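*Asks:* Turn this into a model:
(chains A, B, C and D)
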Number of protein chains: 2
Amino acid sequence: MALAFQGVLADRRTWSLDTCSIGLSMEAVGTRSSMLILREAFYGTTRFDDFARRTKLTDAIVAARLKELTKLGLFTKELYQELGKRRRSEYLLTEKGRDLVPVVFALMQWGDKHLQGEGGGPLRLVERSTGEPVKVSLRTASGEALDLEDVAIVTNGPRPLSPSDS
Amino acid sequence: MALAFQGVLADRRTWSLDTCSIGLSMEAVGTRSSMLILREAFYGTTRFDDFARRTKLTDAIVAARLKELTKLGLFTKELYQELGKRRRSEYLLTEKGRDLVPVVFALMQWGDKHLQGEGGGPLRLVERSTGEPVKVSLRTASGEALDLEDVAIVTNGPRPLSPSDS
DNA sequence: CTTCTGACTATACCAGCCGAGAGCCAGGCA
DNA sequence: TGCCTGGCTCTCGGCTGGTATAGTCAGAAG
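*Replies:* Next up, the predicted model:
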């Protein structure tokens, strides 16, 4: 029914987390607009007004969000100029930005299954050459699929945990 | 650099999405408090004040969030009574709630890598029996790992897309 | 010279997230 | 009888996310 705790974590009353990565991630990129902008970037969008038009967000918030995500290091802002054209800016994903692929497509997968009507959402992810369906899931390095019950949580190195408040 | 579009999607100027699952999912569960409460539920928490104490959220918002998530069908609220004890309520995850496992742990994985200091976050996920590390990733059903470049997006059945605004 | 476009900025405004702090009610226990 | 606990609710207030609307500025095109 839930995952397992190993080692000093076994008694859950004796510890708590002060800085959980889930909370930090949500504070950094946990808005609808950030996720939609990242979706567009994964689709290949790089320019300001393409982000705005294709996400249907307003200019103001796209500007604010791109500035914020760039500051956080998810995008780099580059200026480029085609021959005989004016200078433009483009926003390119960094590794830090691309590493959110599992988050964004896991959200899409959940929405497709549980929020859209019969038959799921409008789009599907497939393997490029074979057409095989693609899913976001918990896996070992070798690719074995895991249920929550197969997973355990352990402390990462000697890093101390804060004692529980209780 | 980005994923591929197949079929009618190939020309991205000709289509846009009115109801993207990513946006719908973020509207439903896209808050820090929801994700922290779900984390706790995956850890096995079922009772109101355990949620409140262990997430370090206030009572008010835990109450509001549990009510909302229950209404959405991610939890069921059950009353139970141990012998000689008073009646209590417990919040049990449904399949819809458990299906958010990839989202929550993908957020954790990203935060561990990019927001925590050297050496990552305080906790790690491992395979229960072998201790092998566990990751959230894009995979085919057979377990093959995929980069963004290996993935294509296709339309899901005959469902029509709204024409682009432009 | 005017117009158009890309990439923004400015202002105003509403709704929701979240915390702090207090209070409430029922059941069991001393 | 009074206290304690579990599971809440209420109010207040700040900050942020989001929309709408308008304006700015530079550089090409006509």
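*Asks:* And the residue of chain A that's closest to DNA strand C?
*Replies:* Going by Cβ to the nearest atom of the strand, DNA strand C is nearest to residue A:88 of chain A, at 3.4 Å. Every residue, glycine included, has its C-beta placed from N, CA and C.
*Asks:* quick check, that residue in a strand?
*Replies:* Yes: counting by DSSP: H, G, I helix; E, B strand; the rest coil, residue A:88 is part of a strand.
*Asks:* contacting residues for it?
*Replies:* Going by Cβ atoms under 8 Å, 6 or more residues apart in numbering or on different chains, residue A:88 touches A:47, A:79, A:80, A:81.
*Asks:* Following element in sequence after the strand or helix carrying residue A:106, please.
*Replies:* Residue A:106 is located in helix A:101-114, with elements delineated by DSSP states H and E. The helix or strand immediately downstream of helix A:101-114 is strand A:123-127, counting by DSSP H and E.
*Asks:* Tell me which residues are up against that following strand.
*Replies:* With contacts defined as Cβ under 8 Å, 6+ apart, strand A:123-127 is touched by A:105, A:108, A:132-135, B:3, B:6, B:9, B:17, B:138, B:140, B:144, B:146, B:150-156.
*Asks:* Using ChimeraX, make a named selection holding only the buried ones among those residues.
*Replies:* Of those, the buried ones can be selected in ChimeraX as follows, counting by 16 or more other Cβ atoms under 10 Å in any protein chain shown:
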select /A:105,108,134,135 /B:3,9,17,138,140,146,150,151,152,153,154,155
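*Asks:* Could you tell me which of the contacts of strand A:123-127 are located in helices?
*Replies:* A:105, A:108 (DSSP state H).
*Asks:* So which of the contacts of strand A:123-127 reach DNA strand D?
*Replies:* When Cβ under 7 Å from any atom of the strand is taken as the criterion, no member of the contacts of strand A:123-127 contacts DNA strand D.
*Asks:* Around DNA strand D, pick out the residues from chain A.
*Replies:* A:31-34, A:56-61, A:64-65, A:84-87.
*Asks:* Return the item of those having minimum pLDDT.
*Replies:* Within the set of the residues of chain A next to DNA strand D, pLDDT is lowest for residue A:84 (71).
*Asks:* what sits against that residue?
*Replies:* Applying Cβ under 8 Å, 6+ apart, no residues contact residue A:84.
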